[in-house]
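Engineer: fold the following for me, if possible:
(one chain, ligands or ions: 1)
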Amino acid sequence: MNIVVTGFEPFGGEQLNPSWEVARRMDGLQIQSAHLTAHVTAVKLPCSFSASLGVLQQAIQTYQPQVVLALGQADGRSDISVERVAINVCDARIADNEGQQPIDVPVIEGAPAAYFSTLPIKTMVQAMRACGFAAGISQTAGTFVCNQVFFGMQHALAGGQVLSGFVHIPLLPEQAAQRSGASLPSMSVEVLQDGLVCALKAVIESIGDHRADVKISGGTLN
Ligand code: PCA
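Structural biologist: Numbers count the residues shown, from 1 in each chain. All right, here's what the predicted structure looks like:
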C-alpha cells in the first residue's frame, strides 16, 4: 500500500512549516499493521492558490496512493486536528507566497459547497489519544490554501477508492517562541511524527479489517 503525506512550504514570512518538517521525516517510512505494510512518500506543496493543487495531483498520478494525508500548519491549535470538512471557498486573510489573496472565490466553480474527509477521522483521533497524543476533530480547515488543497483533493478523488483527508498541526516550539505577544501552543516534530504515524497505522488497520469509523463524539456546541 502507498501513502502520500503532503506538507506545505513556509508561508507568512516564516522560516519553517511544521507540516513539511514532519512530512519530510516520514518520507520512506514503512508502517506495519497486522495485514498490511504501507510505504510513505512525502510531497512538498507550494503555499500558492494557483500551484498547490497541480503539484498534489501530479503526486497522486505518480505514486498511485491508496491513502493521501495532507498536513498544514494552524497557528494557535494545541492538538493534532483531524479535519472533518473542506468548503468550496477561498477567503484569504493574508496573501499566499505568490502574492495572491482571493476573497470569496470558489475553489472550484460549480462544485458542491463542501466535501467530508474520507479518512476514518474518529478512528484516527481515538488511536492518537490512546497513545497519549493531544488530538481532536476540527470542524473547519479555514479558508486559506490548506482548505483549498483539501477541497480540490476531495473533489478530484470523489467517488473513487482513494481515502484522503487533512490534518492541521500546531506550530513548532521554535516558531511559537518567536511570536510576540500571547504565547501560542506548540508541539515538537518528534511528537508530531509519532502521533501521525499512530493515526496512519489506525487508518491502515481499519482498511485491512474493512472497519467502519468509530462513533465517538467530536462535536462542539458552539
Ligand atoms: N497552513 C495554511 C496554508 C499552508 C499551511 O501550512 C492554512 O492553514 O491554510
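
Engineer: part of a strand, is residue 164?
Structural biologist: Yes: counting by DSSP: H, G, I helix; E, B strand; the rest coil, residue 164 is located in a strand.

Engineer: quick check, pLDDT for it.
Structural biologist: The score at residue 164 is 98. That number is its pLDDT.

Engineer: try residue 88
Structural biologist: Reading off the per-residue confidence, residue 88 sits at a pLDDT of 99.

Engineer: quick one: the lengthiest strand in the chain near the ligand?
Structural biologist: Longest strand in the chain, counting residues (DSSP state E): strand 37-45. No: counting by C-beta under 6 Å from any ligand atom, the ligand is not contacted by strand 37-45; separation bottoms out at 7.9 Å. C-beta: built from backbone N, CA, C; applies to glycine.

Engineer: could you dump that strand to PDB, C-alpha only?
Structural biologist: Output for strand 37-45, consisting of C-alpha atoms alone and laid out as PDB, is shown next (Å, rounded to 0.1, in the frame of the first residue of the first chain):
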ATOM      1  CA  THR A  37       2.500  -2.700   5.200                       C
ATOM      2  CA  ALA A  38       2.300   0.800   3.900                       C
ATOM      3  CA  HIS A  39       5.100   2.800   2.300                       C
ATOM      4  CA  VAL A  40       5.000   6.600   2.900                       C
ATOM      5  CA  THR A  41       6.100   9.100   0.300                       C
ATOM      6  CA  ALA A  42       6.300  12.800   1.300                       C
ATOM      7  CA  VAL A  43       5.500  15.600  -1.100                       C
ATOM      8  CA  LYS A  44       6.100  19.300  -0.500                       C
ATOM      9  CA  LEU A  45       3.300  21.600  -1.700                       C
END
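
Engineer: list the buried residues of stretch 36-46.
Structural biologist: Of the residues in stretch 36-46, 38, 40-46 count as buried by neighbour count, 16 or more other C-beta atoms under 10 Å.
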